[in-house]
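Student: take this sequence and fold it.
(2 chains)
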There are 2 protein chains.
Amino acid sequence: MIALDGETRLHVIIGDPIAQVKSPGGVTRSFVARGRNAAMLPVHVPASDFDAFVRGAGTARNLDGLTITVPHKFAAARHCATLTDRARLLGAVNVMRRNPDRSWHGDMLDGAGMVAAIRAAGGDPAGRDALLVGAGGAGTAIAQALLQAGVVSLALHDSDATRVEALLARLRPVAGGARLRALPAAEPAGCTLVVNATPSGMRPEDPIPVPASCLRADMFVADVITAPEVTPLIAAARALGCGTSTGLDMFAAQVELIAEFLLGGA
Amino acid sequence: MIALDGETRLHVIIGDPIAQVKSPGGVTRSFVARGRNAAMLPVHVPASDFDAFVRGAGTARNLDGLTITVPHKFAAARHCATLTDRARLLGAVNVMRRNPDRSWHGDMLDGAGMVAAIRAAGGDPAGRDALLVGAGGAGTAIAQALLQAGVVSLALHDSDATRVEALLARLRPVAGGARLRALPAAEPAGCTLVVNATPSGMRPEDPIPVPASCLRADMFVADVITAPEVTPLIAAARALGCGTSTGLDMFAAQVELIAEFLLGGA
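Tutor: Numbering: from 1, shown residues only, chains lettered A, B, ... in the order given. All right, here's what the predicted structure looks like:
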């Protein structure tokens, strides 16, 4: 799909784990479709080595862009000299490109990708009461994007309650009229939009992030997980007749956003 | 030619400049032909950043191999925990793969690639008097390989005479019966094998590494430069009817040696 040569411009996606990511194929296809000799490669870097990797690999003159996945989205923001407004608000990035002086400019596209996937599947967030499980990198971005997309209330649950409080404090200035609250358990009573932004569902032994017994047919259920495409949560929602969007739907919506951002640099 | 995904294993070729290298395409094709999901990418790193790049990028768990080109072949050897005998003798490497503990194991294949290219073009070094111009990374490896291939004498020239003396001192223990000498000018009188191992010939304004007036039809002339394929030296030799081998011939001979080495690791 790409004929690598000495002039190929490099982009990498950094995560731990990394084998499940689809961006190397998807974003590289988008680069090639746009006529660029550029590729996205997967790099498997644990959290303890993230800073060293970015500093060291960043010395390569033909490394033009970074895409960031779990667990590095917060750490990556600290490597950016400049940030978009939403990335600054969230304190997290999932894409970084070069400024003219070779420093990094960061944005966070996870939220925009999730909202686009929900809309494409008929679950427009506007006017809905939403439950979001997971206040990590992806969850933080999705919370901001759901508010921007017009949810009337947003309930947050995370196994780490302090993470929820920190996110709520960050969201209040941009909540507009939407009601924000922390939930001690992932129970979607009264909600019509349920979003999983935790990694729970990647492994067969993971607990379901929202109890299947709490789902109802009038809920739209969205998941960030790409492998497996149909998580136990998505399967339970579909069994009830809920509208759903998967991590692959979110990924497909994000690929073009990512390629556009990465190629938009100096 | 390769469908990149999250499980793709990475190899990089590091140089300054880098746009001229052919290994990303050639070695990746060889990986794919061997049934591997692995790719070689070009990385452009100046000498001042080489150590930082290797240390930082080396933290990536799916980075399995490094190929090293100008000007990093000596510096790279210092990053290797283990070396082949020839790499230790030469103090330089052009390929590095992981040991079981993730440290680096280095070898130097430039010389073997050059000798294979010369043989394939009918210029077997055995029994010849050779002139080698350039005592840098590639030249050092080629000198060792020419001795191993049975030249009866080896004359060395480099614009930096101290580099020649250092290389001669390193070669004496492995010269066997071959005569070694330093030449103050690149004049191939008495030689029937002439090898350029300098970058002179990459740019139109470069001086020719061996004066065309000194070439004779009974000489075999080899060059390390891949772009342009036909350097002024090779063109002058062909005009006289000399046998020749180009940097692309050496590259083609090296690709399989490199792929075999890189895939032979833990």
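Student: in the stretch 101-250 of chain A, what residue comes closest to chain B?
Tutor: Distance from chain B to each residue of the stretch 101-250 of chain A (C-beta to the nearest C-beta) is smallest for residue A:227, at 8.7 Å. C-beta coordinates here come from the backbone N, C-alpha and C atoms, glycine included.
Student: ok, and the closest non-adjacent residue to that residue?
Tutor: Of all residues not flanking residue A:227 in the chain, residue A:20 sits nearest, at 4.2 Å (C-beta to C-beta, 6 or more residues apart in numbering or on different chains).
Student: now residue A:55
Tutor: That would be residue B:56: by C-beta to C-beta, 6+ apart, it lies 5.5 Å from residue A:55.
Student: show the contacting residues for the one you found.
Tutor: For residue B:56, the contacting residues are A:52, A:53, A:54, A:55, A:56, A:57, A:58, A:59, by C-beta atoms under 8 Å, 6 or more residues apart in numbering or on different chains.
Student: which residue is the nearest non-sequential neighbour of the third one?
Tutor: Using C-beta to C-beta, 6+ apart and skipping residues adjacent in sequence, the residue nearest residue A:54 is residue A:79, 5.1 Å away.
Student: can you report how many residues lie near the one you found?
Tutor: Residue A:79 sits with 19 neighbouring residues when counted by other C-beta atoms under 10 Å in any protein chain shown.
Student: pretty sure it sits against residue A:52.
Tutor: No. If you go by C-beta atoms under 8 Å, residue A:79 and residue A:52 don't touch, sitting 11.4 Å apart.
Student: low pLDDT regions in the stretch 151-266 of chain A?
Tutor: A:265-266 (pLDDT under 70).
Student: element containing the single nearest residue of chain A relative to chain B?
Tutor: In chain A, the residue that lies nearest chain B is residue A:56 (1.2 Å; C-beta to the nearest C-beta). Per DSSP states H and E: residue A:56 is located in helix A:50-57.
Student: CA atoms only: put stretch A:158-169 into CSV for me.
Tutor: Presented in CSV, the C-alpha positions along stretch A:158-169 are these (Å, rounded to 0.1, in the frame of the first residue of the first chain):
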residue,chain,number,x,y,z
ASP,A,158,-14.7,6.2,37.1
SER,A,159,-13.3,3.6,39.5
ASP,A,160,-11.0,6.5,40.6
ALA,A,161,-13.4,9.0,42.1
THR,A,162,-10.7,11.7,42.4
ARG,A,163,-10.2,11.6,38.6
VAL,A,164,-14.0,12.3,38.2
GLU,A,165,-13.8,15.3,40.5
ALA,A,166,-10.8,16.7,38.7
LEU,A,167,-12.6,16.3,35.4
LEU,A,168,-15.8,17.9,36.7
ALA,A,169,-13.8,20.9,37.9
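Student: that one: which residues count as buried?
Tutor: Buried residues in stretch A:158-169, counted by 16 or more other C-beta atoms under 10 Å in any protein chain shown: A:158, A:163, A:164, A:167, A:168.
Student: again, but for stretch A:143-150
Tutor: Neighbour-count burial for stretch A:143-150 flags A:143, A:144, A:145, A:146, A:147, A:148, A:149 (criterion: 16+ other C-beta under 10 Å).
Student: now these in JSON lines, with distance to residue B:69, secondary structure and pLDDT?
Tutor: As requested, the buried residues of stretch A:143-150 are exported to JSON lines (distance: C-beta to C-beta, whole Å; DSSP: H, G, I helix; E, B strand; the rest coil; pLDDT from 0 to 100):
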{"residue": "A:143", "distance to residue B:69": "47", "secondary structure": "helix", "pLDDT": "96"}
{"residue": "A:144", "distance to residue B:69": "45", "secondary structure": "helix", "pLDDT": "95"}
{"residue": "A:145", "distance to residue B:69": "45", "secondary structure": "helix", "pLDDT": "96"}
{"residue": "A:146", "distance to residue B:69": "49", "secondary structure": "helix", "pLDDT": "97"}
{"residue": "A:147", "distance to residue B:69": "51", "secondary structure": "helix", "pLDDT": "97"}
{"residue": "A:148", "distance to residue B:69": "48", "secondary structure": "helix", "pLDDT": "93"}
{"residue": "A:149", "distance to residue B:69": "50", "secondary structure": "coil", "pLDDT": "95"}
